[in-house]
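Chemist: Kindly generate the corresponding structure for this input.
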Amino acid sequence: MSINSLAEQGDAMDRMYRFQRHIYDASRRYYLLGREELLDRLKPPGGGSVLEIGCGTGRNLVGVAARFPHTRLFGIDISQEMLKSASTALNKAGCSDRVRLACADATDFNPLSLLGQQHFDRIYFSYTLSMIPDWQKALRHAQALLSPAGELHVVDFGQCEGLPVVFKHLLFRWLKQFHVTPRATLEKECAQLNPAAQFDSMYRGYAWRCALS
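Modeler: The predicted model follows:
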């Protein structure tokens, strides 16, 4: 991604979330399903490192901090506005001293220069791949940043394969208003990265999750 297009994408996200970030968590809790399960499954080693790509309001990082009190946490997001909310949430939760945040493009950021860390024991995407234009590149980049025994976890919108077609149509049309595009080839992309990737369809295909090393 060019510098100009990166700046444009960041500006677009800032415009969308400048005011929406204040009600984001309250409004999304009812339809971003599977996030709690993803956090539970992370299980990083004691003293390990966890990176969230697309950390948004910091809601998930607060959850990771509570579940795994002896981990070092990191988060990146392309929206400066969202990072303001994340910083506030982490301070309020009393865990800001364990978390390092940075504004970055998920597809090619340098973790050492931005976060002071080259590799991570756990990396996760929580409903963010569906908003990243070059999401396949973001997945590949994340896998390259894993430590030798590291794990990459994903949860995002599925293809509603077990739900009525009209529901899928209405949901996808509504998501498009927020620049969200469920990734129909997510399972295939994860399998290409690691044939042993674990893939699950949840809530009749409303959400998909994947874990790989």
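Chemist: make it CA atoms for all contacts and neighbour counts henceforth
Modeler: Fine.
Chemist: Closest to the centroid, which residue in the chain?
Modeler: Geometric centre of the chain, nearest residue: Phe125, 2.6 Å, by Cα atoms, centre = their mean.
Chemist: I'd say that one and Gly54 touch.
Modeler: Yes. In terms of Cα atoms under 8 Å, Phe125 counts as a neighbour of Gly54; the distance is 6.8 Å.
Chemist: host element of the residue nearest to the centre of the chain?
Modeler: strand 120-126 (DSSP states H and E).
Chemist: May I have the secondary structure class of the residue nearest to the residue nearest to the centre of the chain when sequence neighbours are not counted?
Modeler: Distance criterion Cα to Cα, 6 or more residues apart in numbering; nearest residue to Phe125, sequence neighbours excluded, is Val154 at 4.8 Å. On the three-state scheme (DSSP: H, G, I helix; E, B strand; the rest coil), Val154 is labelled strand.
Chemist: Run through the residues that contact Val154.
Modeler: When contacts are counted by Cα atoms under 8 Å, 6 or more residues apart in numbering, Val154 touches 38, 124-127, 208-211.
Chemist: Tell me which helix or strand in this protein has the weakest average pLDDT.
Modeler: helix 24-28 (a mean of 47; mean pLDDT, DSSP states H and E).
Chemist: Tell me the pLDDT of the nearest residue to Gln118 once chain neighbours are set aside.
Modeler: Spatial nearest neighbour of Gln118, chain neighbours left out: Leu112 (4.8 Å); criterion: Cα to Cα, 6+ apart. With respect to pLDDT, Leu112 has a value of 97.
Chemist: tally of neighbours for Leu112?
Modeler: 10 (other Cα atoms under 10 Å).
Chemist: Within the helices and strands, which one has it?
Modeler: Here Leu112 is assigned to helix 111-115, by DSSP H and E.
Chemist: chain center to that helix, what's the gap?
Modeler: With Cα atoms, centre = their mean, to the nearest Å as the basis, helix 111-115 stands 18 Å off its chain's centre.
Chemist: Any chance of the contacts of Val154 in JSON lines with pLDDT and distance to Pro45 as columns?
Modeler: As requested, the contacts of Val154 are exported to JSON lines (pLDDT from 0 to 100; distance: Cα to Cα, whole Å):
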{"residue": "Leu38", "pLDDT": "97", "distance to Pro45": "16"}
{"residue": "Tyr124", "pLDDT": "98", "distance to Pro45": "15"}
{"residue": "Phe125", "pLDDT": "98", "distance to Pro45": "19"}
{"residue": "Ser126", "pLDDT": "97", "distance to Pro45": "20"}
{"residue": "Tyr127", "pLDDT": "96", "distance to Pro45": "24"}
{"residue": "Trp208", "pLDDT": "98", "distance to Pro45": "25"}
{"residue": "Arg209", "pLDDT": "97", "distance to Pro45": "21"}
{"residue": "Cys210", "pLDDT": "98", "distance to Pro45": "20"}
{"residue": "Ala211", "pLDDT": "98", "distance to Pro45": "16"}
